[in-house]
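Engineer: Prediction below, plus the sequence it came from.
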Amino acid sequence: MIQILAAVALILGAFLAGLNWYSILASRRQGRFVSPIPILGGGLLVLGLLGFERTRPYAALGILADYGTLGLFLAMPVILWEAWCTSSANLVHRFVSDRDGRRDDIRLFRRGRLAIDTRYDPPAQSNAQGALAVSRGFVGRWRAEGDGFVLEGYHEGRILRIREADGGYITTETGGPSDPEFDVYRLDGLRLEKVR
């Protein structure tokens, strides 16, 4: 019975691994990234190889045979580094703005990294076709400048300045969209409270 399950796992794992390798070709053909499925194909291959006594010593090769799982393992150091860099242990400054059902959370981390999260409650109309924005997020770079901060690289040439004003902080954004349809996405004129 174990060998039958192992054979089924090998067949399914090989099929999924084949689809993952095909995703490279599909990405080139379509001109856009086609995402592989990590862990599933490689995991099934490993389980299948473990089910047979002769292939058991080579079970780890199931990870190498699946592009999705192999890519995840190779990317893991970068993923872990990015998670560490934007963890609360590396948070230097945090600004929050709550107004009219919108909450903006701007976090500045060590090594010049930043994260901007905006949530809308209730959802805000984001274009003329009636699409609703629930949340959005950006990452970019920041630096101290004079009595404030300059944030850039978070979206298509936009630059956000945060400066002290009237016992709090205020934002000034340049390079943002000029069309009023995109007002919901602007970061200009936010009154921020520094919470860290």
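Structural biologist: Sure thing, it's come through. Numbering: from 1, shown residues only.

Engineer: Around the nearest residue to S126 once chain neighbours are set aside, how many other residues sit close by?
Structural biologist: Leaving aside its sequence neighbours, S126 sits nearest to A133 (Cβ to Cβ, 6 or more residues apart in numbering; 4.0 Å). Every residue, glycine included, has its C-beta placed from N, CA and C. A133 has 16 neighbours, counted by other Cβ atoms under 10 Å.

Engineer: What is the distance between the helix or strand hosting A133 and the centre of its chain?
Structural biologist: A133 is part of strand 132-145 when elements are defined by DSSP states H and E. The chain centroid and the centroid of strand 132-145 are separated by 12 Å under Cα atoms, centre = their mean, to the nearest Å.

Engineer: likewise stretch 19-31?
Structural biologist: On Cα atoms, centre = their mean, the centre of stretch 19-31 falls 22 Å from that of its chain.

Engineer: mind saving the C-alpha coords of that stretch as CSV?
Structural biologist: Provided in CSV are the C-alpha atoms of stretch 19-31 (Å, rounded to 0.1, in the frame of the first residue of the first chain):
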residue,chain,number,x,y,z
LEU,A,19,4.3,22.5,-14.9
ASN,A,20,6.7,24.5,-12.8
TRP,A,21,9.5,24.1,-15.4
TYR,A,22,7.0,25.0,-18.1
SER,A,23,6.3,28.2,-16.3
ILE,A,24,9.7,29.5,-17.4
LEU,A,25,8.8,28.9,-21.0
ALA,A,26,5.3,30.4,-20.5
SER,A,27,6.9,33.5,-19.0
ARG,A,28,9.1,34.1,-22.0
ARG,A,29,6.3,33.4,-24.5
GLN,A,30,3.7,35.7,-22.7
GLY,A,31,6.2,38.4,-21.9
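
Engineer: Mind listing what's buried along it?
Structural biologist: By 16 or more other Cβ atoms under 10 Å, the buried positions in stretch 19-31 come out as L19, N20, W21, S23.

Engineer: hmm, who's touching it?
Structural biologist: Stretch 19-31 is contacted from outside by F33, V34, S35, P36, I37, G41, D66, Y67, G68, T69, using Cβ atoms under 8 Å, 6 or more residues apart in numbering.

Engineer: Next, the contact list for the fourth one, please.
Structural biologist: Yep, that's P36 we're talking about. L19, N20, S23, Y67, G68, G71.

Engineer: Next one: it from L190, what distance?
Structural biologist: For P36, the distance to L190 equals 39 Å [Cβ to Cβ, to the nearest Å].

Engineer: Of the contacts of stretch 19-31, just say which sits nearest to L108.
Structural biologist: The closest of the contacts of stretch 19-31 to L108 turns out to be F33 (Cβ to Cβ; 29.5 Å).
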